[in-house]
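A.B. asks: Build me a model:
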Amino acid sequence: MLPSSETNSQSIKDSQTKLDRFLVCGLGSLGQHCVAVLKEYGAIVNAIDREQPQNLQVSNLSSLLEQLLIGDCRQSSILEQANISQCRTVLLVTGNERVNIEAAFAARLLNPQVRLVVRSDKQNLNELLSQTLGNFIAFEPNQISASGFAVAALGDDNLGYFQLEERQFRVVKRQIKMSDNWGNKWRIYELNTLYRRVLNHANDSSPLPK
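C.D. replies: Below you'll find the model as predicted:
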């Protein structure tokens, strides 16, 4: 397994993750910034909110969205209009935790494979929901930024992120297979570029450090 750090622009080129359609439910401050960060990763983003966003913290929000639906994200008909079946991830980041959780169940029924990233600070409940729904992760909004929510939406290979001056980096875990372009290197340091640095490497029999 190989963790590395990459800037947004290079991550689009190097990522093995297919960036399909993403759905953001709730366009408050957190939701708006999640949309902006996802667009930096080259994603197609749809959104649902109960009303047309009034307090725009991302001035060009409308141009970043492929589609904006006004309605209740807990309703199956609204989720279907937002193309839930084609979504890789749904970010449920409204200011109401009950709405987020109810919408998570509705989304799971309509798309058994979709990744669910939920705004919630109910740790015990979140652990139970993770076991019940699968492919589910929840964060407290005061412990992680919009960038953290967006990185979590990209998939389990993303271990985290950090900011260095004005540049956003993400930390990813990647398994190199024989057919991988990265597998055609004789030395680990050859994987390093201006946009990527190897933080640690291990063979199949060695556990990754915590």
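A.B. asks: In this structure, mark out all the helices, start to finish.
C.D. replies: Secondary structure of the chain (DSSP state H): helices at 8-14, 29-40, 61-64, 76-81, 97-110, 123-133, 146-154.
A.B. asks: Between the ones you listed, which one is closest to Asn184.
C.D. replies: helix 8-14 (14.8 Å; C-beta to C-beta). No exception for glycine: its C-beta is placed from N, CA and C like everyone else's.
A.B. asks: avg pLDDT for the closest one?
C.D. replies: The average pLDDT within helix 8-14 is 41.
A.B. asks: can you check stretch 184-202 too?
C.D. replies: The average pLDDT for stretch 184-202 rounds to 77.
A.B. asks: what's the span of that stretch from first residue to last?
C.D. replies: For stretch 184-202, the first-to-last residue distance is 16 Å (C-alpha to C-alpha, to the nearest Å).
A.B. asks: what comes up buried for it?
C.D. replies: In terms of neighbour count (16 or more other C-beta atoms under 10 Å), stretch 184-202 has its buried residues at Tyr195, Arg196.
A.B. asks: The helices of the chain into CSV, with extra columns for distance to Val172?
C.D. replies: As requested, these are exported to CSV (distance: least, C-beta to C-beta, whole Å):
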stretch, distance to Val172
helix 8-14, 8
helix 29-40, 16
helix 61-64, 24
helix 76-81, 29
helix 97-110, 25
helix 123-133, 21
helix 146-154, 9
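A.B. asks: Mind putting those into a markdown table with mean neighbour count and distance to Ala47?
C.D. replies: Compiled in a markdown table, those are given as follows (neighbours: other C-beta atoms under 10 Å; distance: least, C-beta to C-beta, whole Å):
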| stretch | mean neighbour count | distance to Ala47 |
| --- | --- | --- |
| helix 8-14 | 15 | 20 |
| helix 29-40 | 22 | 6 |
| helix 61-64 | 14 | 9 |
| helix 76-81 | 15 | 11 |
| helix 97-110 | 19 | 13 |
| helix 123-133 | 13 | 21 |
| helix 146-154 | 23 | 13 |
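A.B. asks: Which of these sits closest to Val117?
C.D. replies: Closest of the helices of the chain to Val117 is helix 146-154, at 4.9 Å (criterion: C-beta to C-beta).
A.B. asks: Does Arg115 touch Arg88 like I think?
C.D. replies: Yes - using C-beta atoms under 8 Å, Arg115 is in contact with Arg88, at 6.4 Å.
A.B. asks: that older thread, could you work out which of the helices of the chain reaches nearest to Ile70?
C.D. replies: Among the helices of the chain, the nearest to Ile70 by C-beta to C-beta is helix 76-81 (8.9 Å).
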